[in-house]
Structures are given as C-alpha cells and as structure tokens.
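> Starting from these lines, generate the structure:
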Amino acid sequence: MERALGMRFVEEVTAGTIGDAAYADYLAIEEAFVETATRLHGLAVWDAPDRTAIERNARAVHALTTEQADYFRAARAAWPAPAGPDAAGRAAVLSEFALAAAREGGYPAVMTVLFAAESLYSTWCTRAHEQGDVPSGPIGEWVSLHADTEFHAGVDALAAQVDALPADIPDERLARWFTGMLEAEIAFHDAVFLHEPG
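Numbering: from 1, shown residues only. Okay, the predicted model is just below:
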C-alpha cells in the first residue's frame with residue numbers, strides 16, 4: 001500500500017503538477033476501468049450472500065453508471081488536451097488482473113480486489129484533498145469525489161464484506177488478490193506517463 005500511495009501520479013496530482021497530456025490519458029485509462037468495476041459489482045450482485053450485500057453492490061453499480069459516467073463525459077469535454085489513442089490499452093493490466101481474479105474466486109475475489117482499489121483511492125484522495133495543492137476543475141472534482149463521506153462509506157461496506165467472507169478461504173489467497181490488485185494499480189497509473197518521449 002505504501003508503494004502505491006507513493007506513485008508518481010498520486011504525487012503529481014497532490015502537488016498540482018500533473019500535466020495536461022498525462023491527465024488526458026488518465027481520463028481514458030480510468031474511464032475504461034470504471035466499466036470493469038461496474039461489471040465486477042454486477043457479478044457481486046449476482047453472487048451476493050444476502051440482501052445487504054445485494055443492495056450495497058447495486059448502489060455501487062448505480063454510482064458508477066451515473067455519477068462517475070457523468071464526470072468522465074464532462075471532464076473529457078472540458079479538458080484542454082486529448083488522450084493518446086493507445087491510452088486505455090496501455091493500462092489494461094488492472095482490468096485483466098481484476099477480471100482474472102473474479103473468474104478464479106467469484107464473489108470473495110471481487111470484494112477483495114475492489115476493497116484494495118477503493119482503499120487506495122480513499123486514502124490518497126483524502127490526503128490530497130486535505131493536505132495537497134490539487135488543481136480546481138476536473139482534477140479537484142475527481143479527488144473530492146473519492147474523499148467524501150459517501151465514498152468512505154462504500155469503502156467501509158467493502159471492508160465489512162471482506163470481513164464476512166467464509167473462514168475457509170485461505171488467507172494466502174486473499175492476500176494474493178489484495179496485493180496483486182495494488183501491484184496492478186501501480187502499473188496502471190504508471191501507464192499514464194508512458195506517452196512521454198525518452
């Protein structure tokens with residue numbers, strides 16, 4: 001987690017030094033993963049062990065397909081630079097890992113990888129929002145979205161679902177899904193900068 005929190009992308013957004021081209025690529029990269037996260041929460045609705053889990057994952061699907069979809073449409077329209085044509089493809093590692101984990105482990109894997117991803121975002125965005133020099137506009141809106149109480153409540157709900165997973169799932173497997181997702185997050189965010197010359 002500490003390595004993920006120290007990613008160049010996190011540091012530059014927090015300091016307000018992220019370049020226009022890099023953030024344009026990030027918009028394309030992250031929007032593609034939001035589609036994957038929607039699919040994962042949809043699978044979790046299907047496999048959910050109880051009504052509470054069904055409702056939590058259904059709310060997540062709704063937020064991803066409304067609030068977040070609206071954000072990307074507005075941000076892309078307002079942003080001064082276009083994304084590179086290969087941006088989303090450069091960062092496919094995150095979706096590939098998450099979907100492979102879901103195929104392997106079903107609901108427990110989905111909860112674990114989403115908890116890893118959203119814990120990372122909740123932590124770094126809250127720090128950036130409270131202590132950083134995040135630019136206003138689309139970047140500030142994105143950071144604020146992941147630093148607000150509603151997003152924190154979603155992370156807490158994921159934590160509760162992970163805590164409630166059956167005891168017969170080996171800790172090693174949960175740790176592999178969690179740490180693998182963070183490793184994929186690092187590669188995913190580093191891909192934002194792969195367009196740079198040299």
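> Quick check: the closest residue to residue 131 other than its chain neighbours vs residue 69, distance?
Nearest residue to residue 131 in three dimensions, chain neighbours excluded: residue 14, at 7.7 Å (Cβ to Cβ, 6 or more residues apart in numbering). From N, CA and C alone the C-beta is placed, and that goes for glycine too. Computed as Cβ to Cβ, to the nearest Å, the residue 14 to residue 69 distance reads 25 Å.
> for the worst-scoring helix or strand of the chain on mean pLDDT, which positions count as buried?
Taking mean pLDDT, DSSP states H and E as the measure, the helix or strand of the chain with the lowest value is helix 87-90, at a mean of 89. The neighbour-count check on helix 87-90 (16 or more other Cβ atoms under 10 Å) flags 87, 88, 90 as buried.
> can you redo the residues you listed as CSV with distance to residue 175?
Conversion of those to CSV gives the following (distance: Cβ to Cβ, whole Å):
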residue, distance to residue 175
87, 31
88, 29
90, 27
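> Scan this protein for its longest helix.
helix 93-131 (DSSP state H).
> tell me what it is packed against?
With contacts taken as 3 or more Cβ pairs under 8 Å, 6 or more residues apart in numbering; DSSP states H and E, helix 93-131 sits against helix 2-5, helix 8-15, helix 20-47, helix 138-145, helix 149-163, helix 171-190.
> Tell me which of those lies nearest to residue 77.
helix 138-145 (9.6 Å; Cβ to Cβ).
> by contact count, what packs against the closest one?
So helix 138-145, by 3+ Cβ pairs under 8 Å, 6+ apart, packs with helix 20-47, helix 67-78, helix 93-131.
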